[in-house]
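Chemist: Have a look at this prediction, sequence included:
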Amino acid sequence: MTDTLAIAGGRVLTPDLDVVEADVLVDADAGEIIEVAPGLAADADETLDATDSLVLPGLVNAHCHAAMTLLRGYADDEPLEAWLREHVWPVEGELTPDDIRVGTELALVELIRSGVTAFADMYFAVDEVAAAVEEAGVRARLGHGVVTVGKDDEAARADLDESFDVAERLDGAADGRVRTAVMPHSLTTVSDELLAETAERARDADVPIHFHLNETTDEVTPVVDEHGVRPSEHAADLGLLTDSTFVAHGVHTDPSEFDVLAERGTSVVHCPASNMKLASGMAPVQAMLDAGVNVALGTDGAASNNDLDLFDELRDAAMIGKLAADDAAAVDAETALRMATEGGADALGFDSGRIEAGANADLAVVDLDAPHLTPEHDLVSHLVYAARGSDVRHTVCDGRVLMRDRDVLAFDEAAVRERAQEHAEALVARAEE
Ligand SMILES: [Zn+2]
């Protein structure tokens, strides 16, 4: 017998971004949406109340370093290079697998609380990340971040091998909710030789590639100087850009690169808060979209954001998209919302991001009973410009309830926070010794 769940009594955001009064009936075993229609609650084994609420696709955070929650607020107000070299990398050098588990659990509580049902994570000790994802119940595209600068050949190759080992070993874990990718950090932190090898092995193993592209001019100038072409062209020459590749940032991407990315079907993950905080620049999001590039949204790590609330990114993306284009009509509310839902799902290769029969049952339910969401002229506008992560009441992923009435079910939230505080203090103390 099928185990069914109805999200009932509210309104539903359709794939066309219309709002209709309907229930959503879910096959909890298969993790799929069965039907979207009024009056489905009576057919269900379990019901989730959506009165005065809007059911929307679970949000997709397509670029994150989850365990960096432990560094939240540790080193603010620094430019990217100094921030990485003087603060982040020394602390990351002291991270233990246990720290990464604890930091990832904290991130997962935060993601679930703000209605995120899928995310991509580039980090280390990925077995710990995968175990936390399995426990949490979300969906994820995980990978081991490869950095080869400053390493000898043997250590560099071992790092790359680990990324492939992780990608092959963990793919399909957590009942298929964990998928993987190989994740060279960027074009300037991994050698060309190993980037080319990454592309070849990824093609043979049929595994996606994820890396940072054009986050700052420091990632652009050395490539142009050495190879005489823009970084997207160089990445394409190395074989890194395919329709399963997704790159983070794309801030300093020029129009010649839009076509390179669009032609290969490579997705760009826009991370507006991180780009603003590190003064990296304004990604030309509307121009990339106009050129046919799929654009998703990400928070990046909590150390450069400083939270993992994708509702903040929605608003930031719409705001900075207008500034970058010098056009108040650029990156409108519908466009931003699509980036956080179907754009993210497409980038990560998940059949999620829309509420219709047959899609993954990945949903968030936003409580509309709030002064900052009144009056109701346009609920898509509210989701982008006015709603917050804390407005999410329920989160459902793969047909299972992960948060009910703001209670995250998989974790003891107080215990997670306490462990995170302890681990963060000990970590920083080791790094500053
Ligand atoms: Zn990043």
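Modeler: Alright, I've got the coordinates. Everything numeric here is computed off the predicted structure, so don't read it as measured data. Numbers count the residues shown, from 1 in each chain.

Chemist: what are the ranges of the strands in the stretch 101-250 of the chain?
Modeler: Under the criterion DSSP state E, counting those that start in this stretch, the stretch 101-250 of the chain carries strands at the ranges 116-123, 139-146, 178-180, 183-184, 210-213, 246-249.

Chemist: residues in contact with the lowest-mean-pLDDT helix or strand in the chain?
Modeler: Ranked by mean pLDDT, DSSP states H and E, the weakest helix or strand in the chain is helix 80-82, scoring a mean of 83. With CB atoms under 8 Å, 6 or more residues apart in numbering as the contact definition, helix 80-82 has outside contacts at 215-216, 218, 278, 280. Yep, even glycine has a C-beta here, placed from its N, CA and C like the rest.

Chemist: And these, which of them are buried?
Modeler: Buried members of these, counted by 16 or more other CB atoms under 10 Å: 215-216, 278, 280.

Chemist: Compile these into TSV and extend it with columns for distance to Asp326 and pLDDT.
Modeler: Shown next, in TSV, are the buried ones among the contacts of helix 80-82 (distance: CB to CB, whole Å; pLDDT from 0 to 100):
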residue	distance to Asp326	pLDDT
Glu215	22	97
Thr216	22	94
Leu278	22	92
Ser280	19	94
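
Chemist: Make TSV from those and add distance to Gly58 to it.
Modeler: Output for the buried ones among the contacts of helix 80-82, formatted as TSV (distance: CB to CB, whole Å):
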residue	distance to Gly58
Glu215	26
Thr216	31
Leu278	28
Ser280	28
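
Chemist: Now do stretch 139-153: distance from first to last residue.
Modeler: 35 Å (CA to CA, to the nearest Å).

Chemist: In a markdown table, list the strands of the stretch 101-250 of the chain along with mean neighbour count, distance to Asp76 and mean pLDDT.
Modeler: Output for the strands of the stretch 101-250 of the chain, formatted as a markdown table (neighbours: other CB atoms under 10 Å; distance: least, CB to CB, whole Å; pLDDT from 0 to 100):
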| stretch | mean neighbour count | distance to Asp76 | mean pLDDT |
| --- | --- | --- | --- |
| strand 116-123 | 28 | 21 | 98 |
| strand 139-146 | 27 | 22 | 98 |
| strand 178-180 | 23 | 32 | 98 |
| strand 183-184 | 28 | 25 | 98 |
| strand 210-213 | 27 | 20 | 98 |
| strand 246-249 | 28 | 19 | 98 |
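
Chemist: which residues of the stretch 1-150 of the chain score low on pLDDT?
Modeler: Residue ranges of the stretch 1-150 of the chain with pLDDT under 70: 1-2.

Chemist: quick check: domain ranges of the chain?
Modeler: 4-57+359-407, 59-348 (automatic domain parsing).

Chemist: Can I get those domains in a markdown table including distance to Glu418?
Modeler: As requested, these are exported to a markdown table (distance: least, CB to CB, whole Å):
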| stretch | distance to Glu418 |
| --- | --- |
| domain 4-57+359-407 | 18 |
| domain 59-348 | 10 |
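
Chemist: Need the winner for burial among the ones you listed.
Modeler: Burial of those is given as mean neighbour count (mean count of other CB atoms under 10 Å); domain 59-348 ranks first at a mean of 21.

Chemist: Quickly note the distance from Glu168 to Asp206.
Modeler: Per CB to CB, to the nearest Å, Glu168 is found 10 Å from Asp206.

Chemist: same deal with Asp391?
Modeler: Distance from Asp391 to Asp206, by CB to CB: 39 Å.

Chemist: Tell me which stretches of the stretch 251-400 of the chain form helices.
Modeler: Secondary structure of the stretch 251-400 of the chain by DSSP state H, counting those that start in this stretch: the helices cover 255-264, 272-277, 285-290, 310-325, 333-338, 344-348, 379-381.

Chemist: Quick one: list the elements packing against the shortest one.
Modeler: Meaning helix 379-381. strand 11-13, helix 333-338 (3 or more CB pairs under 8 Å, 6 or more residues apart in numbering; DSSP states H and E).

Chemist: my read: Leu25 touches Glu32, true?
Modeler: No - taking contacts as CB atoms under 8 Å, Leu25 lies outside contact range of Glu32: 10.2 Å.

Chemist: ok, now which ones touch the residue lying closest to Thr148 once chain neighbours are set aside?
Modeler: Leaving aside its chain neighbours, Thr148 sits nearest to Ala156 (3.7 Å; criterion: CB to CB, 6 or more residues apart in numbering). Contacts were defined as CB under 8 Å, 6+ apart; by that measure Ala156 touches 148, 191, 194.

Chemist: State the distance from Ala156 to Pro90.
Modeler: 20 Å.

Chemist: Repeat that for Tyr385.
Modeler: Tyr385 sits 39 Å away from Pro90 when distances are taken as CB to CB.

Chemist: same deal with Ala236?
Modeler: Separation of Ala236 from Pro90 (CB to CB): 34 Å.

Chemist: Can you check the pLDDT for Arg338?
Modeler: Turning to Arg338, the model gives it a pLDDT of 98.

Chemist: How about it, nearest residue that isn't a chain neighbour?
Modeler: Leu17 is the one closest to Arg338 (CB to CB, 6+ apart), at 7.6 Å.

Chemist: Repeat that for Ala62.
Modeler: Ala296 (3.8 Å).

Chemist: The one you found pairs with what?
Modeler: Val269 (DSSP bridges).

Chemist: Would you agree it is in contact with His249?
Modeler: No - the pair Ala296 / His249 is not scored as a contact, 11.3 Å apart, by CB under 8 Å.

Chemist: any common contacting residues for those two?
Modeler: Common neighbours of Ala296 and His249 are listed as 63, 268-270 (criterion: CB under 8 Å, 6+ apart).

Chemist: Turn those residues into TSV, including distance to Thr4.
Modeler: Shown next, in TSV, are the shared contacts of Ala296 and His249 (distance: CB to CB, whole Å):
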residue	distance to Thr4
His63	34
Val268	38
Val269	34
His270	36
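
Chemist: between those residues, which is closest to Leu160?
Modeler: His63 (20.5 Å; CB to CB).

Chemist: Enumerate every residue touching the nearest residue to Ala28 once chain neighbours are set aside.
Modeler: Closest residue to Ala28 apart from its sequence neighbours, by CB to CB, 6+ apart: Gly399 at 3.9 Å. Neighbouring residues of Gly399 by CB under 8 Å, 6+ apart: 5, 26-32, 361.

Chemist: who's Phe119 bridged to?
Modeler: For Phe119, the beta-bridge assignment (DSSP bridges) gives partners Asn61, Ala140.

Chemist: Make sure it is actually in contact with Ala140.
Modeler: Yes - checked against CB under 8 Å, the pair Phe119 and Ala140 is within contact range at 5.5 Å.

Chemist: Next, give phi and psi for Leu368.
Modeler: Here is the backbone geometry of Leu368 (degrees, to the nearest 10): phi -90, psi 0.
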